[in-house]
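Enquirer: Sequence and predicted model, in that order:
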Amino acid sequence: FSMSNSEKKQNLAQSPSLEQSQKAAIDSGLFTSGNWPDPKWWKTFDSDVLNDWVETALLNNPDLRSSEIKIQQAKQMAIVARQPLFPTLYFDAQDNYRYLSENSFDHILNTSLGLSGYQVDLSLAFNYEFDFWNQNRNTFRAALGELKAIEAEFYEAQLILSTSVTQAYFALLTTMQKRDLYAELVNIQDRKLKLQEKLLRSALSSAFQPLFDEETLREAKEKLLSMEDEIAMQQHLINILMGKSPDCPLALDRIRLEPPKSIPLPDDLSIELLARRPDLMVQIWKAEAAAFEVSVAKADFFPNINLASYMGFTSVAWKSLFDSNSRALGYKPALSLPIFTAGSIQANFRAKKAKFEEAIYQYNNLLLISAQQVADSLVQLTTVYEQKSLQEQIVAEAKARLDLTIARVHSGLDSQFAYLDFAAALIERKIRTVEYTYLQYAMLVKLIKSLGGGFSFNHVPIRQEKS
């Protein structure tokens, strides 16, 4: 009475095609044919500090440890759900003292029976429910489905944590680079203001320009302070992700941010996306568990058959407990068939069926969102790499202007003000370049996350065909 595969797939969406997005990505020249991300994908960034941070977070993060404990709970609940598949055997021992009323029914029937005494019982009780309709077996299978869903949730939590630490790592490096550039900018603006004040004191300029330059200097200092604030908060976040106190010191490797020139993209993008995304596997296993719950509810329409028996010894005294006359034996086969339940069985079945269909539609929606995330990541990565390339050309042009201005200053054709203005403009363009570099890393991490981050599930309970 289990749901058939055709019933399970009735409303299941087909795998969305990503061929067009994949072809456009390969044609862009940024992506190459390759494999899915490695389970320890963060090591591809070649940073010992990042490796240490991610592995520390995976080991110590409280939320992740909580998810791991949930797996142990689900395993034990599956063992509990498996128990009805086997017979139960209990040993009972009782030693009861009693005092009977003279007018009690037992004493009237047998006046020679003593009014007080002991009754000793030793027995083994056996019980077994015949699972003709697979109700107990499907209950166990539903518990296994919940276990698999919780295991997939754990891998999803691992993926979220590792990508969060990695993104925070690159954000911190980016902010530190921007802080250094803003410090240079403050120095340049300060030199420019002092030069303007010197001209003002010599009556060679008006007070308007120094006021403007002082405002510009204050804005640069304000941005520098905001960078210091961001660095502190990013360090706090990284420590919390690693399960540490916010104020723990962090060792940093001041590597030069340089994203990869080409990015591997798996060939079987549409076909294997389901088994590579832990969040999709969470939903599909929940749907599988709900399908077995439907089968459990369906079995309530049919008879329940079980057998109970016992054997042992019963006596009014310990000395005669093991006599042959003290032996006791009994068995009780039972059949229970629902005749009228005021519609409760039918309502329970429909409720379980609705729960299953809800899980399927939630999976369908998540499948579309997953495909969208992959397609969006491919487009965003391509765009940000192109933007970074354009920004590098802008920086090169600004650097050329500055070099030309330096030569003109040395030749007496330009003033120090021109040099300082072009130097400030170059720094601002470098800051923008650093921001694009961070976006490259952020989009790369986003793509890795959308591809499952190295997760792979060998067995998919409900497999849909590619559209």
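Expert: Happy to help now that I have it. Numbering: from 1, shown residues only.
Enquirer: To which secondary structure element is the residue lying closest to Gly453 once chain neighbours are set aside assigned?
Expert: Closest residue to Gly453 apart from its sequence neighbours, by Cβ to Cβ, 6 or more residues apart in numbering: Leu159 at 4.3 Å. Every C-beta, even on glycine, is put in place using the N, C-alpha and C of the backbone. Leu159 belongs to helix 135-201 when assigned by DSSP states H and E.
Enquirer: For that helix, name the packing helices and strands.
Expert: Judged by 3 or more Cβ pairs under 8 Å, 6 or more residues apart in numbering; DSSP states H and E, helix 135-201 is in contact with helix 48-60, helix 62-82, helix 208-241, helix 278-299, helix 416-450.
Enquirer: between those, which one is nearest to Tyr310?
Expert: In terms of Cβ to Cβ, the element of these nearest to Tyr310 is helix 62-82, at 24.2 Å.
Enquirer: Now the helix or strand following that closest one: average pLDDT?
Expert: Using DSSP H and E, the next helix or strand after helix 62-82 towards the C-terminus is strand 88-99. Across strand 88-99, pLDDT averages out at 85.
Enquirer: What ranges in the stretch 251-400 of the chain fall below the confidence cut-off?
Expert: 254-256 (pLDDT under 70).
Enquirer: which residues of it fall in helices?
Expert: Assigned by DSSP state H, counting those that start in this stretch, the stretch 251-400 of the chain shows helices spanning 273-276, 278-299, 344-410.
Enquirer: okay, those, which one's buried deepest?
Expert: Counting by mean count of other Cβ atoms under 10 Å, helix 278-299 has the highest mean neighbour count of the helices of the stretch 251-400 of the chain, with a mean of 24.
Enquirer: Which elements pack onto it?
Expert: Using 3+ Cβ pairs under 8 Å, 6+ apart, helix 278-299 sits against helix 5-8, helix 135-201, helix 273-276, helix 344-410.
Enquirer: which stretch among the helices of the stretch 251-400 of the chain comes nearest Lys198?
Expert: Closest among the helices of the stretch 251-400 of the chain, using Cβ to Cβ: helix 344-410, at 16.7 Å.
Enquirer: between the closest one and helix 135-201, how big is the angle?
Expert: 20 degrees (axes from the mean of the first three to the mean of the last three Cα atoms, to 10 degrees).
Enquirer: Now do the same contact list for Val186.
Expert: Val186 makes contacts with Leu217, Ala220, Lys221, Leu224, as judged by Cβ atoms under 8 Å, 6 or more residues apart in numbering.
Enquirer: burial count for the nearest residue to it once chain neighbours are set aside?
Expert: Leaving aside its chain neighbours, Val186 sits nearest to Ala220 (4.7 Å; criterion: Cβ to Cβ, 6+ apart). A count of nearby residues for Ala220, using other Cβ atoms under 10 Å, gives 22.
Enquirer: Also the one 3 residues further on?
Expert: Lys223 has 16 neighbours, counted by other Cβ under 10 Å.
Enquirer: And Leu59, by the same measure?
Expert: Considering only other Cβ under 10 Å, Leu59 is surrounded by 11 other residues.
Enquirer: now it: how far from Asp131?
Expert: 43 Å (Cβ to Cβ, to the nearest Å).
Enquirer: swap in Ser164?
Expert: 46 Å.
Enquirer: low-scoring stretches of the stretch 101-250 of the chain, by residue?
Expert: In the stretch 101-250 of the chain (pLDDT under 70), the answer is 105-107, 112-115, 197, 199-213.
Enquirer: which of the contacts of Val186 lies closest to Ser370?
Expert: Leu224 (41.1 Å).
Enquirer: Not counting sequence-adjacent ones, nearest residue to Glu435?
Expert: Thr174 (7.1 Å).
Enquirer: ok, the one you found touching Thr437?
Expert: Yes. The criterion here is Cβ atoms under 8 Å, and Thr174 meets it with Thr437 at 7.0 Å.
Enquirer: okay, and the common contacts of these two?
Expert: Leu257.
Enquirer: angle of the longest strand out of those in the chain against helix 135-201?
Expert: Of all segments of type strand in the chain, defined using DSSP state E, the longest is strand 116-130. In terms of direction (the same axes, to 10 degrees), strand 116-130 departs from helix 135-201 by 80 degrees.
Enquirer: Paired strands for strand 116-130, with orientation please.
Expert: According to DSSP bridges, strand 116-130 forms sheet pairs with strand 88-99 (antiparallel), strand 304-315 (antiparallel).
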